[in-house]
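Engineer: Sequence plus the predicted model coming up.
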Amino acid sequence: MLELRHLRTLVALAEAGSVSRAAERVHLTQSALSHQLKALERHYGIAVVERHGQTVRLTEPGRRLVTLARTVASDIQAAERDLAKLSGKLTGTLRVALECHTCFDWLMPIMDRFRKHWPDVELDLVSGFHPKPLGLLLQDKADLVIGSEHRPRRGIVFHPLFRFEILAVLPLGHRLARRRYLTARDFAQETLITYPVPEERIDVIHQVLRPAGIHPRRRTAELTIAILQLVASKRGVAALPNWGLKNYVDYEYVLARRIGKNGLWSDLYGAATETMSRQPFVTDFLETARRACFAELDGVVPVK
């Protein structure tokens, strides 16, 4: 009775936290996903999830099945990797360009894992700032671009990785520290510390501040830790992905607040040409990245 599709559904529920998001991730309707769960619970005579409004929580049996699912998924990925190697699809080049500076924090360990699994694939980062990173794919200057842009383009396939929240970062004792969330107007008198990229590439500017007519002073730093040090020393405020802030907030180095009542969210994709998207090592890299990020990064959810 227990099938691979059931395991994939339970993992999606564990990572997404709601039936609607999990259904989108495994390409099912909500009713079809619910039917799967009911059939599984009838067969074993035990509940695998508990429903709380729009959210779901795994029971102890459900968590046990998710542990099994992750083991099985890892074994399947390893088997597919071995089959690709046995078929002679061992070599190639994977040049990765990053639109997102903070991606370095989680990408480096994934690249190390990839090199162990695909030692004959030349893996490299495309250095430098690129105003139109997707153009690198069509110019054969990169094989994979990791970023938020996903407008349809001929010849390019977008592979969803995850959705994350961008939080305002404040120094301890800041005048806005008691706010539950910040509005565009709250940034008006602040110095906004960002990476040295154009404004249209900074979500808080082009999605929140510019539409509201707010143009704060801006200061730049190339490294995430440098931005956090500037904020902590009360040189300004920042807006950074939630996954990179947890440790700094937990140790009371800085404060983090939502931007807007519903938060400011962004989606991350891996973009590659149609030809590269069919390469086994590219598929494996993306799956490894997706699985590692959902397991290790704080607060990420599936792309809607």
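Structural biologist: Structure received. Numbering: from 1, shown residues only.
Engineer: so residue 137 touches residue 271, yeah?
Structural biologist: Yes. Taking CB atoms under 8 Å as the definition, residue 137 is a contact partner of residue 271 at 6.5 Å. Using the backbone N, CA and C atoms, a C-beta is placed for each residue, glycine as well.
Engineer: Give the residues shared as contacts by those two.
Structural biologist: 145, 156 (CB atoms under 8 Å, 6 or more residues apart in numbering).
Engineer: Please, where are all the strands along this structure?
Structural biologist: Remark: strands of the chain, listed N- to C-terminal, are 49-52, 55-58, 92-98, 121-125, 144-147, 156-170, 181-182, 191-194, 217-220, 238-241, 255-259, 264-273; assignment by DSSP state E.
Engineer: Show me which of these has the highest average neighbour count.
Structural biologist: Comparing the strands of the chain by mean neighbour count (mean count of other CB atoms under 10 Å), strand 238-241 comes out on top with a mean of 24.
Engineer: now it, how far from the centre of its chain.
Structural biologist: On the basis of CA atoms, centre = their mean, to the nearest Å, strand 238-241 sits 14 Å off its chain's mean C-alpha point.
Engineer: try stretch 36-46
Structural biologist: Put simply, stretch 36-46 sits 32 Å off its chain's centre (CA atoms, centre = their mean).
Engineer: what does stretch 271-282 give?
Structural biologist: Mean C-alpha position of stretch 271-282 versus that of the full chain (CA atoms, centre = their mean) differs by 19 Å.
Engineer: Can you get me the start-to-end distance on it?
Structural biologist: Between the opening and closing residues of stretch 271-282 there is a gap of 10 Å (CA to CA, to the nearest Å).
Engineer: What are the buried residues along it?
Structural biologist: Within stretch 271-282, the residues scored as buried using 16 or more other CB atoms under 10 Å are 271, 272, 273, 276, 277, 279, 280, 281, 282.
Engineer: Setting aside sequence neighbours, what's the nearest residue to the second one?
Structural biologist: When you say that, I think you mean residue 272. Across the structure, with CB to CB, 6 or more residues apart in numbering as the measure, the residue nearest residue 272 apart from its sequence neighbours is residue 144 (5.0 Å).
Engineer: my read: the one you found touches residue 271, true?
Structural biologist: Yes. Using CB under 8 Å, residue 144 makes contact with residue 271 at a distance of 7.1 Å.
Engineer: How are the helices of this protein distributed by residue range?
Structural biologist: 4-16, 19-25, 30-44, 60-86, 104-117, 134-138, 203, 224-232, 246-250, 274-277, 280-296 (DSSP state H).
Engineer: quick one: the fifth one to helix 60-86, angle?
Structural biologist: By that I understand helix 104-117. For helix 104-117 and helix 60-86, the angle between their directions (axes from the mean of the first three to the mean of the last three CA atoms, to 10 degrees) works out to 50 degrees.
Engineer: contact partners of helix 104-117?
Structural biologist: Among residues not part of helix 104-117, those counted as contacts by CB under 8 Å, 6+ apart are 81, 94, 96, 98, 121, 123, 125, 146, 224, 243-244, 281, 284-285, 288-289, 292-293, 296-297.
Engineer: Good, we can wrap up now.
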